[in-house]
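# Compute the structure for the input listed below.
(one chain, ligands or ions: 1)
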Amino acid sequence: MPDLDKPLKWTEAKPDELKMLRALQGNILKGHGRHFTANIFLRFGKDQGKSRRLLRDLGNHHVTDAYSQLLAARDFKKCGKSGGDFCHVALAFEGYVVLGLADSAPGDEEFRQQDGMRSAGSRTDLHDPELGEWEPEFRQALHAIVLVASDTEATCGMLASRIKSRVEAGDATVVKIQRGKQLINAAGEGIEHFGYIDGRSQPLMLVEDIEHEAEITGTALWDPSFGLGTALVADPGVLAQPENTYSFGSYFIFRKLEQNVRGFKKREQDIADALIPKGGNRELPGAMLVGRFEDGTPITMSNSARGTSPPNDFNYDGDNGSRCPFHSHIRKTNPRGSGGAEQQEKERLHLMARRGITYEDIARDVHPEELPEVESSAEFDEHVAPHLPERGVGLLFMAYNSVIADQFKFAQRFWANSDRFPVGKPDAANGIDPVIGQAAVVGSQRIPVEWDMPDKKDGADIHFSGFVKMKGGEYFFSPSLTFLKGI
Ligand code: HEM
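Okay, here's the model as predicted:
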């Protein structure tokens, strides 16, 4: 049985660890890395036999196991050889029920609650919008999701069509196909629609990734190493011995988050007009909201920290909010020991493997990097705003958890949505996360009027929220391949 408290050295996996990797779906321990995806949401029909056969077929012939994914990623890194198509399957609790397999479903309470993420309880806890504001397809019970990914839009489209036909032949209905398309910057790094590098900081569960991180950025101030148990849980659907000792799965969180890019960038400019002297760095206000500059440099580090790879070896020691405001997105969602509510060891348990990808239901006019530089909000209105989308684009937030209430839900509810976190700071009310915070009380989101002037007490309250809107989502479980093949 692999040790869940430690990261895994997959290139030297022992026989039982190898079995575990062969029985585990890809994308959990490391992102699949393809730039085009399709999330195929489905509902099973009445014929349980046919639906189970569909899952068996997907498990036997389509799903990418973790070991194959890691081998392919290594080849890609060595010689640029594409890993080809990728496929992943996850079930909602309702899916297990319809298949007659409720007893085989894992036990997480958030996952098993009736109506899942749509339930009134979940929406109240997370301050999610009323169901009427969700996209229609997400208002009903979804039974499963098949995530397919490929290197080009064409190959991804073909793969999605093949899977769709297979699903329909299996007495299931495709409710929605949500495409994802990774935005990248000139350096080839993934960015999100507001223009910032995303996906840089992750809990790393593979020793090889941790060693790589140590080489490129260092690990003296922030330890990116996390045990496998950050994402993996034993798959209770596998009862047979000894398969159940190496069969793991992970809770898969999906949330479609629409981004009002024009609104967000306009507010950045308004704040720059108000706070930044002429000729000053107008990127600063945005960086204070996110916690990193668009190129990924953490704002708590000096501007000179900019390099080819965005640094991740930092913490907030000695930063009283004068460099990185307490409410900035990355400080809220990973306080790196500065949250004040728990010891760092416990605080780290709330982190999760994020595997999101940007989407464009409505194609963007202009790539974020091709927008003209401006010197005022008025100039922005004239030259930039008309090119920016207010809707139809965003992030398909996806993450793997081992305990939903302690990871995704905790981070959204008690960190991002709270105007009182981090705790114990001089100004107790710090405001909600300006990027993803959802709450009735936005709180006091003060940003320093000058960067890195720790003694200056004054700050501007920016009242920044509402530019990311939840359009639907669900809690799923990505079972082991042992389960899928034996269903
Ligand atoms: C449209 C929605 C979102 C946008 C635009 C966004 C954007 C970003 C950006 C630009 C970063 C910095 C890059 C990095 O460190 O990886 C980041 C980091 C992060 N985000 Fe988000 N994010 C969104 C949603 C979420 C959600 C829903 C959560 C969880 C509840 C989340 C949790 C995190 C975490 C944990 C980090 C890493 C912080 C660190 O380790 O320093 N994000 N996000």
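# what's the pLDDT at Arg56?
Note on Arg56: pLDDT of 97.
# ditto for Asp3
For Asp3, pLDDT reads 94.
# Test my guess that it contacts Leu228.
Yes. Look at Asp3 against Leu228 with C-beta atoms under 8 Å: they come within range, at 7.4 Å. To be clear about C-beta, it is placed using only N, CA and C from the backbone, and glycine gets the same treatment.
# Go through the longest helix seen in the chain and flag the buried ones.
Secondary structure of the chain per DSSP state H: the longest helix is helix 153-169. Using 16 or more other C-beta atoms under 10 Å as the test for burial, helix 153-169 gives 155-157, 159-160, 163-164, 166-167.
# Domains of this protein: list them as residue ranges, please.
Structurally, the chain divides into domains by automatic domain parsing as follows: 10-183+226-256+473-486, 260-472.
# possible to save these as JSON lines with distance to the ligand?
Formatted as JSON lines, the domains of the chain follow (distance: least, C-beta to the nearest ligand atom, whole Å):
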{"stretch": "domain 10-183+226-256+473-486", "distance to the ligand": "6"}
{"stretch": "domain 260-472", "distance to the ligand": "3"}
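# Need those domains in a markdown table (columns: distance to Glu213).
Compiled in a markdown table, the domains of the chain are given as follows (distance: least, C-beta to C-beta, whole Å):
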| stretch | distance to Glu213 |
| --- | --- |
| domain 10-183+226-256+473-486 | 12 |
| domain 260-472 | 7 |
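# Name the residue most distant from the centre of this structure?
The C-alpha centroid of the chain is most remote from Lys278, which lies 36.5 Å away (C-alpha atoms, centre = their mean).
# one step back: among the domains of the chain, where is the model least confident on average?
Ranked by mean pLDDT, the domains of the chain end with domain 260-472 at the bottom, a mean of 92.
# chain center to that one: distance?
Taking C-alpha atoms, centre = their mean, to the nearest Å, one finds domain 260-472 lying 15 Å from the centre of the chain it belongs to.
# That one: end-to-end distance?
End-to-end distance for domain 260-472, by C-alpha to C-alpha, to the nearest Å: 16 Å.
# do stretch 225-238 as well
Stretch 225-238 has its terminal residues 29 Å apart, counting by C-alpha to C-alpha.
# end to end, how far does stretch 385-392 reach?
Length of stretch 385-392, first residue to last, C-alpha to C-alpha: 15 Å.
# Return the backbone torsion pair for the nearest residue in space to Ala220 that is not next to it in sequence.
Nearest non-adjacent residue to Ala220, counting by C-beta to C-beta, 6 or more residues apart in numbering: Asp313, 6.0 Å away. Dihedral angles phi and psi of Asp313 (degrees, to the nearest 10) take the values phi -90, psi 80.
# got a list of what Asp313 touches?
217-222 (C-beta atoms under 8 Å, 6 or more residues apart in numbering).
# of these, closest to the ligand?
Closest approach between these and the ligand, by C-beta to the nearest ligand atom: Trp222, at 8.0 Å.
# Could you look up the SS state of Leu147?
Put simply, Leu147 is strand when judged by DSSP: H, G, I helix; E, B strand; the rest coil.
# ok so, going back, settle it for me: which of Asp3 and Leu228 has more neighbours?
Leu228 (24 against 11; other C-beta atoms under 10 Å).
# and the more buried one, what does it touch?
2-8, 29, 205, 248.
# what do you get for Val167?
Contacts for Val167 were tallied using C-beta under 8 Å, 6+ apart; they are 40, 42, 54, 146, 173-174.
# Let's see which of these end up in helices.
Judged by DSSP H, helices contain the following of those: Leu54.
# Which two among the contacts of Val167 are spaced furthest apart?
The distance between the two most remote of these (C-beta to C-beta) is 12.8 Å, for Val146 and Thr173.
# shared neighbours of these two, anything?
42, 167.
# Between these two, which has more neighbouring residues?
Ranked by neighbour count (other C-beta under 10 Å), Val146 and Thr173 place Val146 first, with 27 against 12.
# Identify the bridge partners of the residue lying closest to that one once chain neighbours are set aside.
Excluding the flanking residues, the one nearest Val146 by C-beta to C-beta, 6+ apart is Ile40, at 4.4 Å. Counting by DSSP bridges, Ile40 is bridged to Val146, Ile177.
# okay but Ile40 is in contact with Ile163, surely?
Yes. The criterion here is C-beta under 8 Å, and Ile40 meets it with Ile163 at 5.8 Å.
# C-alpha coordinates for stretch 177-188, PDB please?
Only the C-alpha atoms of stretch 177-188 are listed here, as PDB (Å, rounded to 0.1, in the frame of the first residue of the first chain):
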ATOM      1  CA  ILE A 177     -20.100  19.600 -24.000                       C
ATOM      2  CA  GLN A 178     -18.000  22.400 -22.400                       C
ATOM      3  CA  ARG A 179     -14.900  23.100 -24.400                       C
ATOM      4  CA  GLY A 180     -11.700  24.500 -22.800                       C
ATOM      5  CA  LYS A 181      -8.900  26.300 -24.600                       C
ATOM      6  CA  GLN A 182      -5.700  27.200 -22.700                       C
ATOM      7  CA  LEU A 183      -4.700  30.800 -23.200                       C
ATOM      8  CA  ILE A 184      -0.900  31.100 -23.200                       C
ATOM      9  CA  ASN A 185       1.500  34.000 -23.100                       C
ATOM     10  CA  ALA A 186       4.600  34.600 -25.300                       C
ATOM     11  CA  ALA A 187       6.700  32.600 -22.900                       C
ATOM     12  CA  GLY A 188       4.400  29.600 -23.300                       C
END
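# what does that stretch contact?
If you take C-beta under 8 Å, 6+ apart as the criterion, stretch 177-188 is touched by 35-41, 153, 156, 160, 164, 190-193, 197, 256, 295, 308, 357-361, 367-369, 396.
# Can you go through these and name the buried ones?
Neighbour-count burial (16+ other C-beta under 10 Å) is assigned, among these, to 35-41, 156, 160, 164, 190-193, 197, 256, 295, 357-359, 368, 396.
# Mind checking which of those are in helices?
Counting by DSSP H, the part of these found in helices is 156, 160, 164.
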